[in-house]
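Visitor: no sequence on this one, just coordinates:
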């Protein structure tokens, strides 16, 4: 079996394009990972996810540990088999959702006690258990358990949180069972404080991970601060390791983050938007529920090759959303995930051609034109 | 363009197998039409419906006239284009749903006034308007507007209702615009009264339709009475015209009705069951929510080639339903529609081989075994 590797084939400024190789195959970078929270990218079959061009998906440790449980997924042959996704899978550590979803949390140096948001059952998530769960899931890329401080916390609190996160990172590394093609990523924290971000990055490098995530962003700080934090974090990360910006973001966020040296992304935006009627296009975002689409025979995006755009009109999608037919969410989700993957493909090509800045300017100019005029 | 035709290639007792040919292509009979109420077979894309083997689908005039309206669908190029279904479409007349769904109905000889169940808007559905709507939808097979008396009505009431239905059938025939490959079907009514059924069939034959439906069944009378009514209706219908049993039914209902000379069926059962967790298998029905499936690595039905059965386990589907993930309904719907189409394919083959009775006995024996034993 192959080792976990990261190969860079071209650079353009701080941006890079290349490939990660895992036990379950490759993923071209910069990569966008559709989110498969409960072992399903919501509203899509696994072959349909693959047909969008996605090569790697994300699973949520928190959701899966509660239901159906990591042990059950292990007995059923692992998460790849369970969700019919033969390609690479990255799982988060569960820390973020414990903080945002669970009830009655108690955080100690040892870990976090919490009650399930589903049935109130008690769980103890420690760094060692988070790594064990991800091992049971057979995740190709395991994330360390971190504490993600709420945006707006004071610097002392963020610094104390960072100390805990760094201690947990070492414990995760100690607990991680090395296997060819499998990797454990560290997570840079430190809120919006440049010196804390730098200390976090340097401490993680001291522990030594095959990849590094930037966490604690996209939590309300806004794009400007997010980009500034990237500029203060990424230069301290090793050039030869993949960098993953967790939970980000809009197509424009991704463009800006790639320009600042990020290689991997995940976000619920394309799937969640697909369920609520928001569609991404090369001319910006549309709300398919809007009455202007009710008799529009044109596709969501004339440059998109997905089934929603080749087989169906805006008028049809508008009808499906008004009639609350699940096919509306299914088709718009498929379109949005395809749009994101097309965006990543175009970004990779632009980096390879050494024209990322021009591509970014052209893409933003198209977005800013707004939707095609009504017929 | 070809004419609407019905060709019988083999007979076995009262059962027949063959093909109807429409303006939008053929459908092998006996045929099961998945129901696409609001211009979508719920939870399935049109290519996925085709992949099950379905060749003809049903659309509901009542739902489509209210939303998005027949005129809008016409302006958008017709129902085939709107819902991305290039094959044959049969539409009902709207009469049944007006009676079961709408508010403040007023029935006169002229037609029926009603208020939309969606927004209370008033509509007038006459025989002429029902035919016009189905023309605007570009339906290959138009159904006459009929009155479907509630099960349990007294004979005088059913007879009066039948008189109205027969008068409307003539008006529908007069209003129908003949086009190559398009057909108008009459509907036999008469409740559970053999002599009324016979009078209905004979009167419709006097009007002369290219196909005949048996309506007013599967409304609570039970399988025994339904089969008896078929035995009193079908022999009075011309042997060379397709016969359509509306709104039926279970796989066993279909088997019994084919044996009694029926060629076409529609029912929401495979799709509705798919959304509520009921799955059809060669060993009878299962409830995928049942705890016995929670760790079962086997497919719903090992003899099924659909994506739900080739890509996913019962355990996964059980998980999806418990987690209320829409992929659960999507996959089980796809399986159920595939099961129904496999059932029709096997029925056609059995008729062609002259062994329908044996096939029915074998199939019922398998169903009666019940689900495969737990592991």
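Guide: Looks like it came in fine. Keep in mind it's a predicted model, so treat the numbers as computed, not measured. Numbers count the residues shown, from 1 in each chain, chains lettered A, B, ... in the order given.
Visitor: which other helices and strands contact the host helix or strand of residue A:134?
Guide: Take DSSP states H and E as the rule and residue A:134 turns out to sit in helix A:127-137. On a contact count with 3 or more C-beta pairs under 8 Å, 6 or more residues apart in numbering or on different chains; DSSP states H and E, helix A:127-137 meets helix A:61-66, helix A:70-75, strand A:89-91, strand A:141-143, helix A:155-175. C-betas here are computed from N, CA, C, even on glycine.
Visitor: and the ones you listed: which comes nearest residue A:282?
Guide: Closest of the helices and strands packed on helix A:127-137 to residue A:282 is strand A:89-91, at 27.8 Å (criterion: C-beta to C-beta).
Visitor: which helix or which strand is home to residue A:48?
Guide: helix A:46-51.
Visitor: quick one: buried residues of that helix?
Guide: A:46, A:48, A:49, A:50, A:51 (16 or more other C-beta atoms under 10 Å in any protein chain shown).
Visitor: hey, what's the residue nearest in space to the middle of chain A bridged with?
Guide: The centre of chain A sits closest to residue A:266, judged by C-alpha atoms, centre = their mean, with a distance of 1.2 Å. Beta bridges link residue A:266 to residue A:33, judged by DSSP bridges.
Visitor: contact partners for it?
Guide: For residue A:266, the contact set (C-beta atoms under 8 Å, 6 or more residues apart in numbering or on different chains) comprises A:32, A:33, A:34, A:35, A:58, A:90, A:244, A:246, A:247, A:248.
Visitor: against residue A:88, how distant is residue A:19?
Guide: Counting by C-beta to C-beta, to the nearest Å, the gap from residue A:19 to residue A:88 is 11 Å.
Visitor: which phi and psi does residue A:188 have?
Guide: The phi/psi pair for residue A:188 (degrees, to the nearest 10) reads phi -80, psi 120.
Visitor: how many residues are close by it?
Guide: 35 (other C-beta atoms under 10 Å in any protein chain shown).
Visitor: residues from the stretch 51-200 of chain A in reach of chain B?
Guide: Residues of the stretch 51-200 of chain A lying near chain B by C-beta under 8 Å from any C-beta of the partner chain: A:63, A:67, A:68, A:72, A:75, A:76, A:77, A:82, A:83, A:84.
Visitor: and the fifth one, how many residues sit next to it?
Guide: Applying the criterion other C-beta under 10 Å, we find 15 residues in the vicinity of residue A:75.
Visitor: which non-adjacent residue is nearest it?
Guide: Excluding the flanking residues, the one nearest residue A:75 by C-beta to C-beta, 6 or more residues apart in numbering or on different chains is residue B:295, at 6.5 Å.
Visitor: touching, the one you found and residue B:315? I think so.
Guide: Yes - using C-beta atoms under 8 Å, residue B:295 is in contact with residue B:315, at 5.3 Å.
Visitor: more neighbours: which of these two?
Guide: With neighbours defined as other C-beta under 10 Å, residue B:295 and residue B:315 compare such that residue B:315 has more, 22 against 17.
Visitor: tell me the pLDDT at residue A:375?
Guide: Residue A:375 carries a pLDDT value of 87.
Visitor: okay, and it sits in which element?
Guide: Applying DSSP H and E, one finds residue A:375 in no helix or strand.
Visitor: do I have it right that it meets residue A:292?
Guide: No - using C-beta under 8 Å as the test, residue A:375 is too far from residue A:292 to be in contact (9.4 Å).
Visitor: so between the two, which is more surrounded?
Guide: residue A:292 (15 against 8).
Visitor: quick one: contacts for the more buried one?
Guide: Contacts of residue A:292 by C-beta under 8 Å, 6+ apart are residue A:374.
Visitor: phi first, then psi, for it.
Guide: phi -60, psi -20.
Visitor: count of neighbours near residue A:155?
Guide: With other C-beta under 10 Å as criterion, residue A:155 counts 13.
Visitor: burial count for the closest residue to it other than its chain neighbours?
Guide: Nearest residue to residue A:155, sequence neighbours excluded (C-beta to C-beta, 6+ apart): residue A:193, at 5.5 Å. Residue A:193: 18 surrounding residues under other C-beta under 10 Å.
Visitor: and residue A:193, how far from residue A:49?
Guide: For residue A:193 relative to residue A:49 (C-beta to C-beta), the value is 37 Å.
Visitor: kindly report the same for residue A:194.
Guide: In terms of C-beta to C-beta, residue A:194 sits 37 Å off from residue A:49.
Visitor: check residue A:312 too.
Guide: Residue A:312 is 19 Å from residue A:49, where distance means C-beta to C-beta.
Visitor: repeat that for residue A:109.
Guide: 39 Å.
Visitor: cool, and residue A:375?
Guide: The value you get for residue A:375 to residue A:49, if C-beta to C-beta is used, is 33 Å.
Visitor: again with residue A:348
Guide: Taking C-beta to C-beta, one finds residue A:348 at 19 Å from residue A:49.
Visitor: same deal with residue A:254?
Guide: Where residue A:49 is concerned, residue A:254 sits at a distance of 18 Å (C-beta to C-beta).
Visitor: quick check, residue A:88 in contact with residue A:139.
Guide: No - taking contacts as C-beta under 8 Å, residue A:88 lies outside contact range of residue A:139: 9.0 Å.
Visitor: now the common contact residues for the two.
Guide: Joint contacts of residue A:88 and residue A:139 (C-beta under 8 Å, 6+ apart) do not exist.
Visitor: mind checking if the longest helix anywhere in chain A is in reach of chain B?
Guide: Longest helix of chain A, by residue count under DSSP state H: helix A:326-352. Yes - residues of helix A:326-352 are located near chain B by C-beta under 8 Å from any C-beta, namely A:326, A:327, A:329, A:330, A:331.
Visitor: out of these, which comes closest to residue B:14?
Guide: Taking the residues of helix A:326-352 next to chain B together and measuring to residue B:14 by C-beta to C-beta, the closest member is residue A:327, at 38.0 Å.
Visitor: let me know the secondary structure of the spatially closest residue to the closest one that is not a sequence neighbour.
Guide: Closest residue to residue A:327 apart from its sequence neighbours, by C-beta to C-beta, 6+ apart: residue B:40 at 4.5 Å. Classification of residue B:40 using DSSP: H, G, I helix; E, B strand; the rest coil returns coil.
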